[in-house]
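Q: let's see this in three dimensions:
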Amino acid sequence: MEPSIKNRKFVLLTITVFSAYFVFGFADSARGPAIPRIQADFFASEFQIALLLTMNSVGYLIACSYTAALAKKISMKGCMLAATLVIAASGVFICFSPGFAAMVLAFFILNLGFGMMEMSLGVMAAAAFTKNTGMMLNLMHFFYGAGAVLSPVATTGLMAAQFGGRLIGWRYMYLIILSFMLIPAIPALMTRLGRQDYDKKKTGYAALLKKPSIWLIIVILAFGVTCEVGIVAWLVNFLEKAYSFSKERAALYLTFFFVCFTATRLLLGPVTDKIGLINTLTAATVFAGVAITAGVLLGEPGALLLVFAGIGVSLFYPTVMAITAKLLIEEIDLAMTAVTTAMGVIMVPANLMVGAIINQARPVFTDMYGDAGVRAAYSAGYLFLAVCSFCAFVFLLLLRKTQKKAGQLV
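A: Numbering: from 1, shown residues only. Below is the predicted model:
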């Protein structure tokens with residue numbers, strides 16, 4: 001392939017991936033401010049909201065399990081383009097869902113699209129960014145964080161805005177922002193990215209799953225992403241219910257969380273390869289776990305520590321993906337499928353845990369502490385996220401030992 005053509009493909013791929021992750025981050029993080037409004041409109045319990053989040057994970061999981069197989073027929077580029085259409089269509093379904101069950105189904109479809117998008121972009125990027133992998137994948141996820149930074153305040157303002165004398169609300173907010181996912185399809189359509197560009201595997205699942213590293217990566221990613229997703233989904237609700245923050249103030253804290261989240265990926269991403277990917281992730285899990293624990297135990301004065309947890313949490317996903325790419329590049333599509341699918345299986349019950357803990361603890365703590373019981377119940381649920389971060393740390397120590405023994409400590 002001529003250098004000019006190769007460079008053009010690389011540039012268009014980079015634009016596609018980075019722009020997709022920006023819009024992805026914006027759309028995915030809209031649920032934080034939207035969930036309290038959804039809960040109020042449907043008179044839903046915390047467990048029902050947890051069920052909604054769990055169905056999101058189920059949709060993501062299913063999409064991750066079939067995307068690699070689908071890519072063999074329509075290519076990773078085809079999967080990415082299909083994902084943009086599914087996401088845009090789900091905005092229509094969410095907007096016009098007549099009841100809670102229909103709305104849960106609409107969010108399930110949305111996360112089918114998100115899962116396809118994540119898988120296709122992840123494989124394309126991991127195969128293309130073979131140099132400075134940690135830096136490039138963290139930079140890729142920086143754009144996710146950049147979109148997420150803008151999302152809480154922007155979506156809260158959009159939901160409160162009026163058009164034609166009518167409140168836009170969470171329904172039309174989703175219709176508007178999910179249509180933006182069609183934007184990354186433009187640069188993708190301008191280049192030829194066929195299935196041969198990313199089909200590098202030389203082994204099958206049987207051989208891949210015999211490697212201890214793949215199972216450790218799966219568990220680490222599952223606990224790490226459960227912590228990340230849990231914070232994004234529950235921070236606004238936690239601050240509103242436990243500390244009686246206004247919706248605007250709670251959304252602002254979520255924005256600050258994403259500022260920490262995004263700035264860390266931008267500033268530390270370029271040095272993760274030098275520090276060591278496993279070293280970076282080990283420090284990140286400890287920092288996040290301590291920040292969440294201290295932030296909850298200190299009460300309202302510690303709310304900012306919940307924001308600063310974004311410094312550690314931001315490095316979870318891209319660094320694990322960089323480790324996967326470094327250790328398993330020859331079977332990257334199989335590895336990505338195995339990692340994200342198994343991660344989703346673990347995340348399904350994990351996402352239920354926060355809502356279930358709050359639901360079960362609230363009547364008990366309310367009987368014991370009166371009005372303060374609500375705060376105690378939400379604190380108990382939120383501390384589960386710190387437990388997830390510490391669990392990721394423990395399995396990272398095992399991965400370090402395994403890879404050091406194999407002479408592949410990345």
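
Q: in this protein, what spans have low per-residue confidence?
A: 1-6, 127, 130-133, 192-205, 329-333, 343-344, 346-348, 350-351, 409-410 (pLDDT under 70).

Q: could you say what helices and strands the helix ranked longest in it packs with?
A: In the chain, ranked by residue count with DSSP state H as the criterion, the top helix is helix 46-95. Here helix 46-95 touches helix 3-28, helix 31-42, helix 100-128, helix 169-179, helix 185-189, helix 212-243, helix 332-369, going by 3 or more Cβ pairs under 8 Å, 6 or more residues apart in numbering; DSSP states H and E. From N, CA and C alone the C-beta is placed, and that goes for glycine too.

Q: out of the ones you listed, the one nearest residue 77 is which?
A: helix 185-189 (5.9 Å; Cβ to Cβ).

Q: so how far is the helix or strand harbouring residue 250 from its chain's centroid?
A: For residue 250, the enclosing helix or strand under DSSP states H and E is helix 247-268. Centroid displacement of helix 247-268 relative to its chain, using Cα atoms, centre = their mean, to the nearest Å, is 14 Å.

Q: next one: stretch 83-93
A: On Cα atoms, centre = their mean, the centre of stretch 83-93 falls 18 Å from that of its chain.

Q: neighbouring contacts of it?
A: 27, 102, 105-107, 109-110, 112-114, 116-117, 120, 174-179, 181-182, 184-185 (Cβ atoms under 8 Å, 6 or more residues apart in numbering).

Q: and if you look at stretch 392-400?
A: Under Cβ under 8 Å, 6+ apart, the answer for stretch 392-400 is 213, 216-217, 219-220, 223-224, 227, 278, 281-282, 285-286, 289, 316, 323, 409.

Q: how many neighbours does the nearest residue to residue 213 once chain neighbours are set aside have?
A: Nearest non-adjacent residue to residue 213, counting by Cβ to Cβ, 6 or more residues apart in numbering: residue 327, 5.6 Å away. The local packing of residue 327 (other Cβ atoms under 10 Å) involves 19 other residues.

Q: swap in residue 363?
A: 11.

Q: ok, it - contacts?
A: residue 373 are the contacts of residue 363 under Cβ under 8 Å, 6+ apart.

Q: ok, back up a step: which of the contacts of stretch 83-93 count as buried?
A: 27, 105-107, 109-110, 112-114, 116-117, 120, 174-179, 181, 184-185 (16 or more other Cβ atoms under 10 Å).

Q: can you spell out which helices and strands pack onto the strand or helix carrying residue 321?
A: Residue 321 is part of helix 316-327 when elements are defined by DSSP H and E. Here helix 316-327 touches helix 100-128, helix 133-160, helix 212-243, helix 272-275, helix 277-297, helix 332-369, helix 372-406, going by 3+ Cβ pairs under 8 Å, 6+ apart.

Q: most centrally placed residue in this protein?
A: residue 229 (5.5 Å; Cα atoms, centre = their mean).

Q: what about that one, distance to residue 29?
A: 10 Å (Cβ to Cβ, to the nearest Å).

Q: go on, residue 241?
A: 19 Å.

Q: hang on, isn't residue 324 packed against residue 335?
A: Yes. Residue 324 is within contact range of residue 335, at 5.4 Å (criterion: Cβ atoms under 8 Å).

Q: before we move on, back to that, redo the helices and strands packed on helix 316-327 as CSV? Include distance to residue 33.
A: Formatted as CSV, the helices and strands packed on helix 316-327 follow (distance: least, Cβ to Cβ, whole Å):
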stretch, distance to residue 33
helix 100-128, 15
helix 133-160, 5
helix 212-243, 6
helix 272-275, 31
helix 277-297, 20
helix 332-369, 17
helix 372-406, 17
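
Q: among those helices, which is nearest residue 308?
A: Taking these one by one with Cβ to Cβ, helix 277-297 is closest: 5.2 Å.

Q: on contacts alone, who are the packing partners of the following helix or strand past the closest one?
A: Later in the chain than helix 277-297, the nearest helix or strand by DSSP H and E is helix 303-313. Contact here means 3+ Cβ pairs under 8 Å, 6+ apart; on that basis helix 303-313 packs against helix 212-243, helix 247-268, helix 277-297, helix 372-406.

Q: helix 303-313 vs helix 247-268, what angle?
A: Helix 303-313 and helix 247-268 are oriented at 30 degrees to each other (axes from the mean of the first three to the mean of the last three Cα atoms, to 10 degrees).

Q: give me every residue that touches residue 48.
A: Residue 48 neighbours (Cβ under 8 Å, 6+ apart): 39, 42, 100, 355.

Q: out of those residues, which comes closest to residue 157?
A: residue 39 (19.7 Å).

Q: right, and the closest one touches residue 49 too?
A: Yes. Residue 39 is within contact range of residue 49, at 5.5 Å (criterion: Cβ under 8 Å).

Q: between the two, which contacts overlap?
A: residue 237.

Q: who has more neighbours, those two?
A: residue 49 (24 against 17).

Q: ok, now which ones touch that one?
A: 35, 38-39, 237, 355.

Q: out of those residues, who's nearest residue 312?
A: Distance to residue 312 across those (Cβ to Cβ) is lowest for residue 237, with 21.2 Å.

Q: can you check the distance spanned by stretch 23-34, start to finish?
A: 17 Å (Cα to Cα, to the nearest Å).

Q: quick one, which of residue 241 and residue 29 is more surrounded?
A: A count of neighbours by other Cβ under 10 Å puts residue 29 above the other of residue 241 and residue 29, at 28 against 19.

Q: how far away is the more buried one from residue 146?
A: On the measure of Cβ to Cβ, residue 29 and residue 146 end up 11 Å apart.

Q: so residue 247 makes contact with residue 39?
A: No. Using Cβ under 8 Å, residue 247 is not in contact with residue 39; the gap is 12.0 Å.

Q: shared neighbours, those two?
A: Joint contacts of residue 247 and residue 39 (Cβ under 8 Å, 6+ apart) do not exist.

Q: for residue 10, find the nearest of the helices and strands packed on helix 316-327.
A: helix 100-128 (6.6 Å).

Q: ok now the closest one, how far from the chain's centre?
A: 10 Å.

Q: again with stretch 311-327
A: 12 Å.

Q: what residues are shared contacts of residue 29 and residue 146?
A: With Cβ under 8 Å, 6+ apart, residue 29 and residue 146 have no common neighbours.
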